[in-house]
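J.: Pasting the sequence and the predicted coordinates here, then a few questions.
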Amino acid sequence: MAKIELVDVTVDIPVYNVRGRSLKSTVLQRAIGGSVSSRERGDIVVVRALDAVSATISSGERIGLIGHNGAGKTTLLRVLSGVYAPTTGDARIEGDVSALTDIVTGVDLEATGYDNIIYRGILLGHTKSQAKAMVPDIEEFSELGEYLDLPVRTYSTGMIMRLLFAIATSIRPPILLMDEMISVGDASFIGKARERLKGVITNANIFVISSHVEGVIREFCNRVLWLEHGKIVMDGSPEEALDAYRKNAEPRV
């Protein structure tokens, strides 16, 4: 059974070569959204991207992360995926994690479609034999046929996205993380891709997605964490959290 336990997780990110108070304010408040640590030194500023975040996520939960840009959603996903280690606090992750955050990372344009399946399968944590076992499913779903024998640089953008989406969704991880929904950008493929993605989400023990699209949160999530300035300000049902978030965003007369 998969489980995530976050205990007072804080992430401090140093920002280098930031000169001048006005520029510091712009970087912190608009680009990053964190708070300034007291540890300023010359042209180095430390941004607190997550601030004492605690939450327990159990098997069967589908978590939506909401909040303005820079609220800490992506940082939290990176902690869950192991990209960031907490500066302080503890992140305990039980179960293998797959992060479908940037499916184009690692593509080799000079290699064939088949070779990219193997490369990316290994990048996702499979052995070479496990990566080879993915090939028939990806062949069938991508509908690329003989193009898989050609270098990926010969593909159209839509064909590349078909291949990478098929690879990314060929795994069935216990814990699945997403930063917005994946779009394949191919109108004739969207319906098929959406059904496949829904299957991957359904099969995951735990699903966590960051999204600005209210419909996505309502469709796929049964719990929402609302983050602001690196802190969880609300943990509740999609209806409660989205309603509170919407009211907070409304201009006050």
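T.: On my side now, so go ahead. Numbers count the residues shown, from 1 in each chain.

J.: wait, residue 122 sits on residue 131?
T.: Yes. Contact criterion Cβ atoms under 8 Å: residue 122 and residue 131 qualify, at 5.4 Å. Placement of C-beta: from N, CA and C, glycine included.

J.: Mind checking which of the two has more residues around it?
T.: residue 131 (20 against 14; other Cβ atoms under 10 Å).

J.: what helix or strand is that one on?
T.: helix 128-133 (DSSP states H and E).

J.: what's the answer for residue 161, then?
T.: Going by DSSP H and E, residue 161 is in helix 157-168.

J.: Contact partners for residue 142?
T.: 113, 148, 162-163, 165-166 (Cβ atoms under 8 Å, 6 or more residues apart in numbering).

J.: next one: stretch 218-227 to chain centre, how far?
T.: Distance of stretch 218-227 from the chain centroid (Cα atoms, centre = their mean, to the nearest Å) equals 14 Å.

J.: got the buried residues for it?
T.: With burial defined by 16 or more other Cβ atoms under 10 Å, the residues of stretch 218-227 counted as buried are 220-221, 223-227.

J.: State which helix of the chain is the longest.
T.: helix 190-203 (DSSP state H).

J.: what's the angle from it to helix 157-168?
T.: If you take axes from the mean of the first three to the mean of the last three Cα atoms, to 10 degrees, helix 190-203 sits at 20 degrees to helix 157-168.

J.: Tell me which other helices or strands helix 190-203 touches.
T.: The contact analysis (3 or more Cβ pairs under 8 Å, 6 or more residues apart in numbering; DSSP states H and E) places helix 190-203 against no helix or strand.

J.: All further residue positions should be reported with the first residue as 49.
T.: That works, and once the first residue is 49, the last one we named lands at helix 238-251.

J.: That helix - what's its average pLDDT?
T.: For helix 238-251, mean pLDDT rounds to 91.

J.: how about the helices of the protein, start to end?
T.: 69-74, 121-129, 161-171, 176-181, 183-190, 205-216, 238-251, 262-268, 286-297.

J.: Show me which positions of stretch 139-155 end up buried.
T.: So, applying 16+ other Cβ under 10 Å, buried residues of stretch 139-155: 139, 141, 145-149, 151, 155.

J.: Where does pLDDT dip in the stretch 149-298 of the chain?
T.: For the stretch 149-298 of the chain, the stretches flagged by pLDDT under 70 are 233, 298.

J.: re earlier: okay if I get the helices of the chain as CSV plus distance to residue 57?
T.: Conversion of these to CSV gives the following (distance: least, Cβ to Cβ, whole Å):
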stretch, distance to residue 57
helix 69-74, 25
helix 121-129, 6
helix 161-171, 26
helix 176-181, 32
helix 183-190, 36
helix 205-216, 27
helix 238-251, 24
helix 262-268, 22
helix 286-297, 20
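
J.: hmm, who's touching the longest helix of the chain?
T.: So helix 238-251 is contacted by 110, 189, 213, 217, 219-220, 224, 229-232, 234, 255, 268 (Cβ under 8 Å, 6+ apart).

J.: 6 Å - rerun?
T.: Helix 238-251 is contacted from outside by 213, 217, 220, 232, 255, using Cβ atoms under 6 Å, 6 or more residues apart in numbering.

J.: Using CSV, write out the CA atom coordinates for that helix.
T.: In CSV, the C-alpha atoms belonging to helix 238-251 read as follows (Å, rounded to 0.1, in the frame of the first residue of the first chain):
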residue,chain,number,x,y,z
ILE,A,238,-7.1,13.5,-27.8
GLY,A,239,-10.1,11.2,-26.9
LYS,A,240,-8.0,8.0,-27.0
ALA,A,241,-5.2,9.7,-25.0
ARG,A,242,-7.6,11.0,-22.4
GLU,A,243,-9.1,7.5,-21.8
ARG,A,244,-5.6,6.0,-21.5
LEU,A,245,-4.6,8.7,-19.0
LYS,A,246,-7.7,8.1,-16.9
GLY,A,247,-6.8,4.5,-16.8
VAL,A,248,-3.3,5.3,-15.4
ILE,A,249,-4.8,7.6,-12.8
THR,A,250,-7.4,5.0,-11.8
ASN,A,251,-4.8,2.3,-11.4
